[in-house]
Each structure stands twice: as structure tokens, then as C-alpha cells.
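A.B. asks: sequence and computational prediction follow.
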Protein chains: 2
Amino acid sequence: MKITREKAAENRQVLVETAARLFREKGIDGVGVAEISKAAGLTHGALYAHFPSKDALAAEAMQFSTRSAYGKVTEHPVTLAQLVDYYLAPEQRDNLAQGCPLAAAASEVARQDASVGAGYTSGFRQMVEYISQQLPAGEGQRQQALAVMAALVGGISVSRNVYKTDPELADEVLESMRSMLLKLS
Amino acid sequence: MKITREKAAENRQVLVETAARLFREKGIDGVGVAEISKAAGLTHGALYAHFPSKDALAAEAMQFSTRSAYGKVTEHPVTLAQLVDYYLAPEQRDNLAQGCPLAAAASEVARQDASVGAGYTSGFRQMVEYISQQLPAGEGQRQQALAVMAALVGGISVSRNVYKTDPELADEVLESMRSMLLKLS
């Protein structure tokens, strides 16, 4: 079936958005291209017409999700305290599919193709740059921002992992990380 | 083939240790029971004689790896600074298969069976207790230990994820996290 250029572009975008959501929800190794095409309402063949491999789709999904997460965070100007509160909210922890891609793939990207890591790295750099601007000016500002962003990823990840066993501990992790990071600002 | 009770116990242990290594190296969803049995030098059937499901094996592997990582860390008494240096060393980052299980599965445990999360949670609690003892006594000591352990997980995870794209940035993440955490001790 011949489709228009517009329809093809639209299909491509639906595939990327669906993949970005499912990779976060189920893990990059936890979902295959068959499931992604189905969830996007397309065929396996349609997916391969746009992406030569799962790696290619994962790389583009990572770029898309880091860009859109950054857009959401920076939509309104925020202080570091507001950013930390937003990032470490229990609702973020409980919303894997729409949450921060840097945390959703925390232990997976190192095992994936370098192209997936490239999207992750550029998303991380962008967030570090943003956090750096919210920190008190001075030497070591960028270093502090690097540590803050990595600590946020750790806080939300660990909280997610202990949640099923001990929801109270999971909340304590978020709250403790919040306190530690707010002492910096 | 009938095997002795001793041999059966030995096979079980080899399966757990092999799974603990492969799950960290390849991810819990990145390796199947067929590959684990093969790497352990056993048959698929031998694995199922000991573990009714992959979840059961993953739960036991998580318990084993958190216990042995805890044993390694606490073998010799250390200060918080020494612990942080050890944990955030580039060699730890580059050794996924033998590294900290809390980091190796940072974004995976929340998606696994609750039994896997139980092992993770008890390993996390144990490390928090240990870190708490190294911190200056006072109110908020446990809270600080929670944040430190989660931040360590974030530091090593993010460093791993950006390493292929930007090894210099990966080192900077470790160094920045180290500086931030050492200010607490």
C-alpha cells in the first residue's frame, strides 16, 4: 500500500513516541519491535521501513525522550529547589513510562549500542547545563551540577526499586535525597 | 542421571553465582535461563530442578550478589571517604559483572517480580546501616546515609551510561560525586 509522505512522517513519529514510552516502562531489553509496532498500530514491516534495527529505533527514542523531558522541565523558569521537588516527587517515581529517561534507563544504556548512549549523554549534558545555571555562581558550579543530576537519577531509581517491598523506605529515600540536595542551593 | 545431594547443592550454587554475574553484566531481561544454564555448564532441565522460574533464580541471585558485595565492602573497616573512593573508582564502573548489584540493576528491579525487589531492598538497607555508622553521629544520620547510598548508585550508573560517548565526562561524574559526598563526612 502506497502512503503519502505526510502519512509516512506521521507513522515514524508515532513509532518514536510509542518506543520512547515502552522502553521506559518495560526496559530497552524488555520490549521488542513486534510489540512496539503493534502498540503504534502499525506492522512490523512499517517499522523496518523507517528504522533498520531496534538499535536505531532505541537511539532515536532516547533522543526524543530526553528532548521532551528537558522541554517539560524548562518550560517554566524554576529554582533548583523546585526542580528537585519536581524530580523527586512520588508521582514521578510512580510514572515510569513518562518519567525521566535518564533514570528509566539508568542501568541499561551502558549495555546498549553506542548510538543509544549518545542520546543519553546529550540529554544528561543539557540537564547539567540547566542545573548549573540554578546553582550559586562560583568555582565548581558545573561539578556540583554533575553530581546533583547523577544523585537525582540515583534517588528516583532506588526509590522505585525498594517501593514494592517497603513503600515507606521508598518515600524516605526521596525525602532524604531532597534534603541533601537542597543544602547545596 | 542420579546425582548426590552434595553435587546437587554444588550445581545450585554454581547456577546462583553464574546468574548473579550474568544478570549484572547483561541485565535481568538481557539474559535467559538457557544462556545461564549453559554458562554454568548445566542443562536447562537441571536449572528447573532447582528453580521453578526465572524470577525465582533472579531473586536468589539478587540476594547472593547483595550479600557478597556487602561482604567485600565490609571485610576491612573503612571510613566513609574510603568507601566512596572504592565505590566510585573507574575500575568499579568498568566492571559491571562483579560490581555493585544495587547499581547494576538500578533501572530494572522495579520492573521485576517483587521477590527480586525484596533482595534489593534488604541489600540497600544493609548498606545504609553500614554507611550510617561511618557518618558523624547526630540527628538525620540515617537520612544522610539513605541519600549517600542512592547518590552512589546514581553516580556510577550515569558514569557508565555516558562512558562510550564521552569518557572524560564519565570520569568527571565520578569525581564530582566523590567531592559532593566527601563534604558530608
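C.D. replies: Alright, I've got the coordinates. Numbers count the residues shown, from 1 in each chain, chains lettered A, B, ... in the order given.
A.B. asks: which residues in chain A form helices?
C.D. replies: Ranges of helices within chain A are A:5-26, A:33-39, A:44-50, A:54-74, A:80-87, A:90-93, A:101-104, A:114-134, A:141-163, A:167-182, based on DSSP state H.
A.B. asks: give me the distance from the fourth one to the chain's centre.
C.D. replies: So that's helix A:54-74. Here the centre of helix A:54-74 is set off from its chain's centre by 7 Å, with C-alpha atoms, centre = their mean, to the nearest Å.
A.B. asks: please save the CA atoms from that helix in CSV.
C.D. replies: Taking C-alpha atoms only, helix A:54-74 is exported to CSV below (Å, rounded to 0.1, in the frame of the first residue of the first chain):
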residue,chain,number,x,y,z
LYS,A,54,16.0,-2.0,17.1
ASP,A,55,19.2,-0.1,18.0
ALA,A,56,18.3,2.7,15.5
LEU,A,57,14.8,3.0,17.0
ALA,A,58,16.2,2.9,20.6
ALA,A,59,18.7,5.7,19.7
GLU,A,60,16.0,7.9,18.2
ALA,A,61,13.6,7.1,21.1
MET,A,62,16.3,8.1,23.6
GLN,A,63,16.9,11.4,21.8
PHE,A,64,13.2,12.1,21.6
SER,A,65,12.5,11.3,25.3
THR,A,66,15.5,13.3,26.6
ARG,A,67,14.5,16.3,24.5
SER,A,68,10.9,16.2,25.5
ALA,A,69,11.7,15.7,29.2
TYR,A,70,14.1,18.7,29.0
GLY,A,71,11.4,20.7,27.4
LYS,A,72,8.9,19.8,30.2
VAL,A,73,11.4,20.7,32.9
THR,A,74,12.5,24.0,31.4
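A.B. asks: isn't A:Asp55 right next to A:Arg111, touching?
C.D. replies: No. With contact defined as C-beta atoms under 8 Å, A:Asp55 does not count as touching A:Arg111 (11.7 Å). Any C-beta I mention is one placed from the backbone N, CA and C, and that applies to glycine too.
A.B. asks: and those two? Which one has more around it.
C.D. replies: The neighbour comparison of A:Asp55 against A:Arg111 (other C-beta atoms under 10 Å in any protein chain shown) goes to A:Arg111, with 19 against 15.
A.B. asks: please name the nearest non-neighbouring residue to that one.
C.D. replies: Among residues not flanking A:Arg111 along the chain, B:Gly27 sits closest, at 5.7 Å (C-beta to C-beta, 6 or more residues apart in numbering or on different chains).
A.B. asks: for the one you found, give me its contacts.
C.D. replies: Neighbour list for B:Gly27: A:Gly27, A:Asp29, A:Ser107, A:Glu108, A:Arg111, B:Ala105, B:Glu108 [criterion: C-beta atoms under 8 Å, 6 or more residues apart in numbering or on different chains].
A.B. asks: can I assume the fourth one is in contact with A:Ile28?
C.D. replies: Yes. The pair A:Glu108 / A:Ile28 is scored as a contact, 5.0 Å apart, by C-beta under 8 Å.
A.B. asks: just give me the residue right at the centre of chain A.
C.D. replies: Centroid-nearest residue in chain A, with C-alpha atoms, centre = their mean: A:Pro101, separated by 0.9 Å.
A.B. asks: need the pLDDT of that one.
C.D. replies: Per-residue pLDDT puts A:Pro101 at 97.
A.B. asks: tell me which residues touch it, please.
C.D. replies: By C-beta under 8 Å, 6+ apart, the residues touching A:Pro101 are A:Ala20, A:Arg24, A:Met62, A:Ser65, A:Thr66, A:Ala69, A:Tyr120, A:Gly123.
A.B. asks: with respect to A:Ala145, which of those is nearest?
C.D. replies: A:Gly123 (14.0 Å; C-beta to C-beta).
A.B. asks: how much space between A:Arg12 and A:Phe64?
C.D. replies: Using C-beta to C-beta, to the nearest Å, one obtains 11 Å as the distance from A:Arg12 to A:Phe64.
A.B. asks: sketch out the low-pLDDT regions of chain A for me.
C.D. replies: Where chain A drops to pLDDT under 70, the residues are A:1, A:185.
A.B. asks: give me the residue from chain A nearest chain B.
C.D. replies: Going by C-beta to the nearest C-beta, chain B is nearest to A:Gly154 of chain A, at 2.3 Å.
A.B. asks: measure how buried that residue is and give me the count.
C.D. replies: By other C-beta under 10 Å, the residues close to A:Gly154 number 30.
A.B. asks: that one and B:Val148 touch, don't they?
C.D. replies: No. If you go by C-beta under 8 Å, A:Gly154 and B:Val148 don't touch, sitting 9.7 Å apart.
A.B. asks: and the gap between the residue of chain A closest to chain B and B:His44?
C.D. replies: Counting by C-beta to C-beta - A:Gly154 and B:His44 are separated by 36 Å.
A.B. asks: now do A:Leu146
C.D. replies: 45 Å.
A.B. asks: which of those two has more neighbours?
C.D. replies: Neighbour comparison, A:Leu146 and B:His44: the larger count goes to A:Leu146, with 28 against 13 (by other C-beta under 10 Å).
A.B. asks: ok, the more buried one touching B:Glu172?
C.D. replies: Yes. Assessed by C-beta under 8 Å, A:Leu146 is found in contact with B:Glu172 at 5.9 Å.
A.B. asks: A:Gly138 and B:Thr66, how far apart?
C.D. replies: Relative to B:Thr66, and taking C-beta to C-beta, A:Gly138 is found at 39 Å.
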